[in-house]
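Asker: fold the following for me, if possible:
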Amino acid sequence: MNAIPVLNLFSQPQCSGFEPKDWEILAQHWYPVAREQDVTTAPQQVQLLDVKMALYQTTSGAIQLVRDICPHRGVPLSKGWVQGEEIVCPYHGLHYNTAGQCTKIPAQPDLTNISERFSLTKFPVVLKYGLVWTSLFSRDASHANFPILDTWDDPEHQPVLPPFVDIAGSSGRQLEGFIDVAHFAWVHQQSFADAENPVVPKYTTERTDYGLHTEYVSNVSNYPHGLQHLAPEGFLWKRIFDVYPPFSAVLKVEFPREGILKILNACCPVSHNKTRLFVPLTRNFDTTGDLQAVYDFNAQIFAEDQDMVESQKPEELPLDITMEAHFEADRSSTTYRRILAEWGLSKRYIV
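Answerer: Numbers count the residues shown, from 1 in each chain. Predicted structure coming up:
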């Protein structure tokens with residue numbers, strides 16, 4: 001992957017549970033922090049890699065993301081409000097424009113040359129797939145390893161953005177679980193899989209310039225149990241995983257009658273053991289169907305996964321391959337671990 005231009009604007013928070021080297025590496029990459037539809041003129045706090053941010057929309061509709069702290073006396077700006085194109089601190093009423101500059105100190109209304117020390121730390125904003133993406137250190141999105149969900153804006157495919165899921169587990173463990181095909185029969189037997197069909201046929205995984213690519217073919221249906229009859233007898237399901245480290249992956253599932261379902265698994269590493277998971281998806285079938293049914297089915301699947309991720313020990317994703325046992329169906333996850341290790345992340349790093 002291309003080198004990422006970075007700008008270290010501040011240090012790792014003291015409360016952070018990440019290893020310092022790991023935090024520095026992860027801070028260079030881009031992650032989703034919110035759904036675009038959830039951003040309003042009422043500031044809200046979001047968190048990435050233990051850094052708290054204030055997310056808000058100005059009156060004109062511009063989405064802003066700044067560090068959630070007023071440089072005057074350290075009050076969270078998410079407790080303030082938006083006035084026109086500016087955010088106002090609730091403690092002393094300081095106004096900050098979209099460039100992060102303080103434009104008004106009400107206690108000294110005649111002050112025109114306000115010190116640059118009264119400036120906010122701003123973060124870049126990129127809107128993709130209905131999500132707000134940002135990076136702590138990178139300022140050039142052209143070099144970012146964004147996942148590719150090329151059907152999101154395709155008129156023949158319906159875009160769906162379910163609510164996010166908060167997981168009390170690490171982003172590395174969650175992402176690895178998403179690309180794991182051997183757990184279907186056991187973890188998802190209540191939703192779509194079958195405990196009597198646990199065999200994982202051999203599949204291929206290859207390294208790419210963005211991460212890794214896996215193609216897996218089996219007779220495990222992707223229909224919910226109540227709709228299994230829709231699959232033609234003998235139909236083979238092809239699942240294609242494209243992994244974009246550190247914590248995103250796209251799954252393409254080929255349905256009968258040229259149906260295509262694509263699911264983006266995009267993790268926001270809130271902290272070393274907390275993940276906010278966003279799951280934009282698209283489909284070119286049943287596009288007039290009940291969206292609530294889609295939300296419910298996905299919620300069921302991710303709840304089944306969540307129970308496993310939150311209970312895994314160690315919480316860390318071990319990047320030293322010898323630290324856990326592996327079998328042949330783990331080839332995607334071991335390749336993923338090797339990529340992260342090659343980045344320089346600690347072999348016991350705690351995300």
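Asker: was I right about residue 70 contacting residue 94?
Answerer: Yes - here residue 70 reaches residue 94: they are 6.4 Å apart, a contact under CB atoms under 8 Å. Every C-beta, even on glycine, is put in place using the N, C-alpha and C of the backbone.
Asker: quick one: low-confidence parts of this structure?
Answerer: Within the chain, the set of residues satisfying pLDDT under 70 comprises 1-9, 348-351.
Asker: can you give me the helices in it?
Answerer: Assigned by DSSP state H, the helices in the chain fall at 20-26, 171-178, 184-187, 291-311, 331-342.
Asker: TSV for the ones you listed, including mean neighbour count and distance to residue 139?
Answerer: Output for the helices of the chain, formatted as TSV (neighbours: other CB atoms under 10 Å; distance: least, CB to CB, whole Å):
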stretch	mean neighbour count	distance to residue 139
helix 20-26	19	16
helix 171-178	25	22
helix 184-187	17	40
helix 291-311	16	32
helix 331-342	19	23
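Asker: would you list these in TSV and tack on distance to residue 258?
Answerer: Shown next, in TSV, are these (distance: least, CB to CB, whole Å):
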stretch	distance to residue 258
helix 20-26	39
helix 171-178	25
helix 184-187	23
helix 291-311	19
helix 331-342	26
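Asker: so which of these is nearest residue 245?
Answerer: helix 331-342 (5.3 Å; CB to CB).
Asker: which strands or helices does that closest one pack on?
Answerer: helix 171-178, strand 204-207, strand 212-218, strand 237-244 (3 or more CB pairs under 8 Å, 6 or more residues apart in numbering; DSSP states H and E).
Asker: tell me which of these is the most buried.
Answerer: helix 171-178 (a mean of 25; mean count of other CB atoms under 10 Å).
Asker: beta partners of the closest residue to residue 270 other than its chain neighbours?
Answerer: Distances taken as CB to CB, 6 or more residues apart in numbering put residue 47 closest to residue 270, at 4.9 Å, once the chain neighbours are dropped. For residue 47, the beta-bridge partners are residue 52 (DSSP bridges).
Asker: look up the residues forming beta bridges with the closest residue to residue 240 other than its chain neighbours.
Answerer: Closest residue to residue 240 apart from its sequence neighbours, by CB to CB, 6+ apart: residue 252 at 4.3 Å. Beta-bridge pairing of residue 252 under DSSP bridges involves residue 240, residue 262.
Asker: my read: residue 252 touches residue 264, true?
Answerer: No - using CB under 8 Å, residue 252 is not in contact with residue 264; the gap is 10.4 Å.
Asker: between those two, who's got more neighbours?
Answerer: residue 264 (25 against 17; other CB atoms under 10 Å).
Asker: tell me, how many neighbours does residue 146 end up with?
Answerer: Other residues lying near residue 146 total 18 when counted by other CB under 10 Å.
Asker: so what's it up against?
Answerer: By CB atoms under 8 Å, 6 or more residues apart in numbering, residue 146 lies in contact with 30, 126, 128, 133, 244, 248.
Asker: can you select the buried ones among those residues for me in ChimeraX?
Answerer: Of these, the buried ones go into a single ChimeraX selection, burial set by 16 or more other CB atoms under 10 Å:
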select :30,128,133,244,248
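Asker: would you list the contacts of residue 146 in JSON lines and tack on distance to residue 107?
Answerer: As requested, these are exported to JSON lines (distance: CB to CB, whole Å):
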{"residue": "30", "distance to residue 107": "38"}
{"residue": "126", "distance to residue 107": "37"}
{"residue": "128", "distance to residue 107": "41"}
{"residue": "133", "distance to residue 107": "37"}
{"residue": "244", "distance to residue 107": "48"}
{"residue": "248", "distance to residue 107": "45"}
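Asker: determine which two of the contacts of residue 146 are furthest apart.
Answerer: Longest span within these, CB to CB: 126 and 244, 14.3 Å.
Asker: how about residue 79, nearest residue that isn't a chain neighbour?
Answerer: Nearest to residue 79 is residue 90, by CB to CB, 6+ apart, at 4.8 Å.
Asker: pretty sure the one you found contacts residue 75?
Answerer: Yes - the pair residue 90 / residue 75 is scored as a contact, 6.4 Å apart, by CB under 8 Å.
Asker: double-check residue 181 against residue 203; I have them as touching.
Answerer: Yes - contact criterion CB under 8 Å: residue 181 and residue 203 qualify, at 7.3 Å.
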